Every structure is written in structure tokens, then in C-alpha cells.
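Peer 1: Give me a model of this one.
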Amino acid sequence: MIRKPAVAGIFYEGDSALLEKRIEWCFQHSLGPGKLPKIGKSRSIKGAVAPHAGYVYSGPVAAHSYYKIIEDGFPETFIILCPNHTGMGSGVSLFPEGEWITPLGTVQIDEELAGDLINSGIIDADSTAHSQEHSCEVHIPFLQYFKQDFKIIPISMWMQDLETAQEIANSIIKTTNALKRDVVVIASTDFTHYQPASIALSNDSQVMDAISKMDEKLMYERVANLDVSMCGYGPVATTIITSKLMGATKGEILKYATSGDITEDNSSVVGYGSIVFE
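Peer 2: Residues are numbered from 1 along each chain as shown. Got it, this is the predicted structure:
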């Protein structure tokens, strides 16, 4: 099963050379880390949060999480958890086999891990949820720029309640422990959508504070009480729980910015944040 890119040429450049230049722009941008990372070997990061808008908007913020991940070292497999924006597919959909293509090459699905995850409970084998979804796809070129031989597990979450997040996390821990698989979990989310920048900053900072404390229940409370239109709270909760079960004890906020920092229009922005757990 081959998944061709759905948003190449839209969310990021469809030409490989131009895409590589765009990724370098993300890392070197004034809102980004300022430089390109070097691949490390320490492997202490368990999970991360990164945004998924077009690279020109959220790429420099996403580069902060990828800078830390690259410097920490590549795991065998990245489990990418994304929200379901299209409404297609099942409640929790895993792309089960084959490969994903981007302008920077192909990446294999970790089929052994995928099969065990599908047999472990709430996760379904379902490729339709991923056919037009951008929020898993946009993370892959950030990794392919630095290395080609890694595998992925793309999971789309239409169901984002805390119970579902806990069940997915339990399945990830059960299966990765059984296979002795080294993984990093990536939560794909944007924060406040289409509010003035001052409101986005005020609300998102409170939600990100809960995330940095690795308190998924507090995050749900603040998202609800502040009416934050964060699209990937389920993937973030799953990543927090999984990271804690893998031994992570702290979350670090690396960067927050909004689309207004790029467009200079702060009347209606989208909030972007990068966080790692180790």
C-alpha cells in the first residue's frame, strides 16, 4: 500500500530541492532555532508536540521540536498522532502497511508494530482517514531531511477524549515493550484558531503550562474552561501519558508564536507551540 503526498505543493514545496531549502529556512528563521541540528545519540526524548500548518506559517516553530529530536538521536520508529480534520475513517485510524511518499523520498510503515497495535484494542486499521489528512504528513519531511532509514506509525484520532487517549497510550506501551521497540511519539496540533493574538497568547500559555507539567487532566480542563480551539488535544494527551509511562519526568516548552508573527496581522491568528518530554 502506497500513500502519495496529499498536501505537497500546498502545505510545503512539492519539489525536493525547494523543500530542502524551505526546511533550512524553517531552522534558520528568526522564529526558529537559528541553526541546523546535528544527529545525536543520547536518546532521552520520549515525546514531542509540534504544529502542522503550512511550513511558511508554523515551520519555524515546528523546527524547535525537530531540532531537539534530531540532536537527541533517531529512534527506530516515530509514532505520529494527529487529529482527524476530514471526518473520514474510523475513530482511531492507523495506516497499517506499505510506505508513505514525500518529495524527499519514501518512509516505511513499521508493519510489525502496526499489526500488534491494531490487535491491542481501540486502534483500527484504516487508510481512508489518512488519504487527505495533512496533519501527520507534514512532519515527515522534517525527519527525512536528516535521515532516510527510519519507520513511522501514523495514527489519526477523531475520538479525542481522555479515555481514548489512555487506551491508545496503554496499547503503545504494551506493544513497544513486547517488541523492545525504540520509539518517539509526536503529537501534531495547533493551538487557538482565529482569535486576536492577545487572546491566543493568554489562553494558549495556560494550556501549554499544563502540558509542560505533563498533566493531561489539567490540559483538558483548561481547553474546556477557556474554550480553546486546539485541534489536537487528544494526540497531545496520548503523548503525555505515553511519555510518562516510558519514564519521562518533565516537559519543556521550546517555542510559542502565532501566524501573526509571520503575517504581521494580529487581528485573527493561529497559535503554534513546540514542546518536548524527556
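Peer 1: Find me the pLDDT at Ser90, would you?
Peer 2: Per-residue pLDDT puts Ser90 at 94.
Peer 1: gap between it and Pro154?
Peer 2: With distances taken as Cβ to Cβ, to the nearest Å, Ser90 is found 14 Å from Pro154. Where you see a C-beta, it was placed from the backbone N, CA and C, and this is true even at glycine.
Peer 1: Using the three-state scheme, assign Gln148.
Peer 2: On the three-state scheme (DSSP: H, G, I helix; E, B strand; the rest coil), Gln148 is labelled coil.
Peer 1: So which residues of this structure form strands?
Peer 2: All strands of the chain, identified by DSSP state E, fall at 2-3, 47-50, 77-83, 92-94, 99-102, 105-109, 124-125, 151-157, 183-188, 193-195, 251-258, 269-277.
Peer 1: Output these as JSON lines; include the columns mean neighbour count and distance to Ala210.
Peer 2: Below are these laid out as JSON lines (neighbours: other Cβ atoms under 10 Å; distance: least, Cβ to Cβ, whole Å):
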{"stretch": "strand 2-3", "mean neighbour count": "14", "distance to Ala210": "33"}
{"stretch": "strand 47-50", "mean neighbour count": "29", "distance to Ala210": "12"}
{"stretch": "strand 77-83", "mean neighbour count": "26", "distance to Ala210": "18"}
{"stretch": "strand 92-94", "mean neighbour count": "27", "distance to Ala210": "23"}
{"stretch": "strand 99-102", "mean neighbour count": "19", "distance to Ala210": "32"}
{"stretch": "strand 105-109", "mean neighbour count": "17", "distance to Ala210": "32"}
{"stretch": "strand 124-125", "mean neighbour count": "16", "distance to Ala210": "29"}
{"stretch": "strand 151-157", "mean neighbour count": "26", "distance to Ala210": "19"}
{"stretch": "strand 183-188", "mean neighbour count": "28", "distance to Ala210": "14"}
{"stretch": "strand 193-195", "mean neighbour count": "16", "distance to Ala210": "19"}
{"stretch": "strand 251-258", "mean neighbour count": "21", "distance to Ala210": "9"}
{"stretch": "strand 269-277", "mean neighbour count": "27", "distance to Ala210": "11"}
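Peer 1: ok, how many other residues are close to Asp265?
Peer 2: By the criterion of other Cβ atoms under 10 Å, Asp265 has 11 neighbours.
Peer 1: Tell me the backbone dihedrals of it, please.
Peer 2: For Asp265, the backbone dihedrals (degrees, to the nearest 10) come out as phi -110, psi 100.
Peer 1: Quick check: nearest residue in space to Ala129, chain neighbours excluded?
Peer 2: Gly89 (2.6 Å; Cβ to Cβ, 6 or more residues apart in numbering).
Peer 1: what sits against the one you found?
Peer 2: Residues in contact with Gly89 (Cβ atoms under 8 Å, 6 or more residues apart in numbering) are Asp124, Asp126, Ser127, Thr128, Ala129, His130, Ser156, Trp158.
Peer 1: taking these one by one, which sit in helices?
Peer 2: Among the contacts of Gly89, no member falls in helices (DSSP state H).
Peer 1: Now restrict the residues you listed to buried residues only.
Peer 2: Neighbour counting over the contacts of Gly89 (16 or more other Cβ atoms under 10 Å) leaves Asp124, Asp126, Ser127, Ala129, His130, Ser156, Trp158 as the buried ones.
Peer 1: Touching, the fifth one and Ser156? I think so.
Peer 2: Yes: the pair formed by His130 and Ser156 meets the contact definition of Cβ atoms under 8 Å, at 5.9 Å.
Peer 1: Quick check: neighbours shared by those two?
Peer 2: Each of Gly89, Ser93, Cys136 lies in contact with both His130 and Ser156 under the rule Cβ under 8 Å, 6+ apart.
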